[in-house]
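Enquirer: Generate coordinates for the sequence data below:
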Amino acid sequence: MNQRLEELCGLMFEQTLSKSEAEELNKLLDESTENRHFYYDLCEAHALLKDQYQDFKLPQNNDLPKSTKKWKVIINITSALAALFIVAFIFTNISQKAAKKNNPPQLPYRGVSLATLDTSIGSQFEFGDSQGLQPKAGDNFKEGAYILNQGIIQLNYGNGAQAIIEAPAEFNMISEKLITCTNGKISVYAPETAKNFTVRSPVADVVDLGTEFSVWIKANEFVEAHVYKGSVNVDLSIIGSNKNRQLLAQNAVRIIYEENETHGKENISINDIDLRNDFFIRNLKEPDNKYSKFITSLGPVAYFPMEMSKDGSSLSDWSSYKNDASANHIAHKDNLLVPGKSGNALHLSGANHRGFLYVPDYPKSPLGELSVSAWVYAKSRASWGTIIKNWGNKEWGQFHFGLNEKGFLDVEIMTKDYEKVHIRENIKLPTGSWQHVAFVHNGSEVHLYRNGKLLSSKKVNGLSLRGKLKSLGIGTKICAASAEIRQLGIFS
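Expert: The predicted model follows:
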């Protein structure tokens, strides 16, 4: 173990750590997983002893022999501190779990502000700001190491650079032009004012040369670099390799490596791979493209292209009615947004995760005519899985659109005489691919479509105009979710 790391930790506990020493400690923690584990375990031990012995201080260990025994909580610490900890543990009979709960580890270093947390969607950090609070949209984002356990964040720099980071990710904010990352996905937009913006991985620096690029780092396995605009320099000199590569737009590479027992990198190879256009979240604002302009020109009463608010609490209605949808992702462990058909998609992981959108009220069809369309990507065919419904368990509105109990695409209409009529596809909805689904009620007939092909039609006695249910559920009834939904329009 690095003796200097032990010395700096001792100064930190004594509260005599200078700014330059704090930067040195931060750099050592960034260098290896072993250093970070040592740091966290040492903080944990110190917190436990501090609680039991209020006047406890970390002993000076310059003249003490190093312990060679690795204890469960203290790794490679001096023998004097190890013995003291064992005695304290035996006599207090406090479990490691309880100690963590009652005495959280020392918070990581937080330095000067480097960026602004522009957007935070469902984010959960292992450690927050300097007070231990979870960062929120609009906060300054400071120097230091971060672990993002879930969600998506966008950082905006004063030099114009933007970085979108997807969980799970471990990264370190070093400067306005440098992020180090040991695990996770980072997408960067760097204008001329932010040239040479760098994402540092365990084996290579990915250096901007006027670009839009993404980096995916799988700890102790590989690093991928994908360039969408401009070019980057993939520089392996940080590990003493000369296998550098300038990577142009629409190209990508994967660097494969192994980490040996001393944390050195070996068996390194850099290989060409296909560019992945549908893997990274590269923009949290929906593109105002031809498709969205066409939908808007039709005058929909509700249109949700899956653009989330900066705090992840709602999605924007792009129609003139502006009935934004509230986003619910209770117990949702995956990111609520994923790459979609074009732009981003809302990611719903099934009824057990309770992820859905809810619109309290929206304009109903007054003329007995209605059209609904959506892009969906089903991972499974849940019984009565929902796409979009103005329908409840005890109250019924005008329509119920999704899957039936056997996994067939199905629309249920409430007619003028309060009859429930089903129109369904005769084959099961495909999984693992994007499907455009729609139905049209022209007043006397309902037509069901998938990917532009007419699947089924049925004559009906109009559309109920007296339904009491005002709300709209996307991905729920409001009790079930089954698909990723992209580009939703409701027209009347």
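Enquirer: what stretches of the stretch 201-350 of the chain score poorly on pLDDT?
Expert: Scanning the stretch 201-350 of the chain for pLDDT under 70 picks out the ranges 329-335, 349-350.
Enquirer: So Glu21 is in contact with Cys9, correct?
Expert: No. Using CB atoms under 8 Å, Glu21 makes no contact with Cys9, being 10.6 Å away. For glycine as for every other residue, the C-beta is placed from the backbone atoms N, C-alpha and C.
Enquirer: which of those two has more neighbours?
Expert: It is Cys9, of Glu21 and Cys9, that has more neighbours when counted by other CB atoms under 10 Å, with 22 against 15.
Enquirer: what's the span of stretch 404-423, first residue to last?
Expert: Stretch 404-423 has its terminal residues 10 Å apart, counting by CA to CA, to the nearest Å.
Enquirer: Now find how far off-centre that stretch is within its chain.
Expert: Computed by CA atoms, centre = their mean, to the nearest Å, the chain-centroid distance of stretch 404-423 equals 36 Å.
Enquirer: Which residues does that stretch contact?
Expert: Contacts to stretch 404-423, defined as CB atoms under 8 Å, 6 or more residues apart in numbering, come from residues 368, 372, 381-385, 391, 396-403, 424-429, 437, 439, 441, 446-448, 450, 455-458, 460-465, 467.
Enquirer: How about stretch 184-196?
Expert: Outside stretch 184-196, the residues that touch it by CB under 8 Å, 6+ apart are 148, 157, 159-171, 176-177, 179, 197, 199, 207-217, 280-282.
Enquirer: Okay, buried residues for stretch 419-429 please.
Expert: 423-425, 429 (16 or more other CB atoms under 10 Å).
Enquirer: so which of those residues would you say is closest to Pro305?
Expert: Nearest to Pro305 among these, counting by CB to CB, is Leu429 at 22.1 Å.
Enquirer: which residues touch the closest one?
Expert: Applying CB under 8 Å, 6+ apart to Leu429 gives the contacts 378, 381, 403, 407-409, 435, 437, 450.
Enquirer: Considering those residues, which possesses the most neighbours?
Expert: Top of the contacts of Leu429 by neighbour count (other CB under 10 Å): Leu409, with 28 neighbours.
Enquirer: So which residues of the stretch 51-200 of the chain form helices?
Expert: Remark: helices assigned in the stretch 51-200 of the chain by DSSP state H, counting those that start in this stretch are 79-92, 96-102.
Enquirer: Any idea which of those helices has the lowest pLDDT on average?
Expert: Of all the helices of the stretch 51-200 of the chain, mean pLDDT reaches its minimum on helix 79-92 (a mean of 35).
Enquirer: Out of the contacts of stretch 184-196, which sit inside strands?
Expert: Counting by DSSP state E, the members of those that fall within strands are 148, 157, 162-171, 179, 199, 207-208, 211-217.
Enquirer: sorry, back to before: shared neighbours of Glu21 and Cys9, anything?
Expert: Between them, Glu21 and Cys9 share no contacting residue, judged by CB under 8 Å, 6+ apart.
Enquirer: quick revisit: just the buried ones from the contacts of stretch 184-196, in ChimeraX syntax?
Expert: Applying 16+ other CB under 10 Å to the contacts of stretch 184-196 leaves a buried subset, and the ChimeraX line that selects it is:
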select :148,157,161,162,163,164,165,166,167,169,170,171,177,179,197,199,207,208,209,211,212,213,214,215,216,217,280,281,282
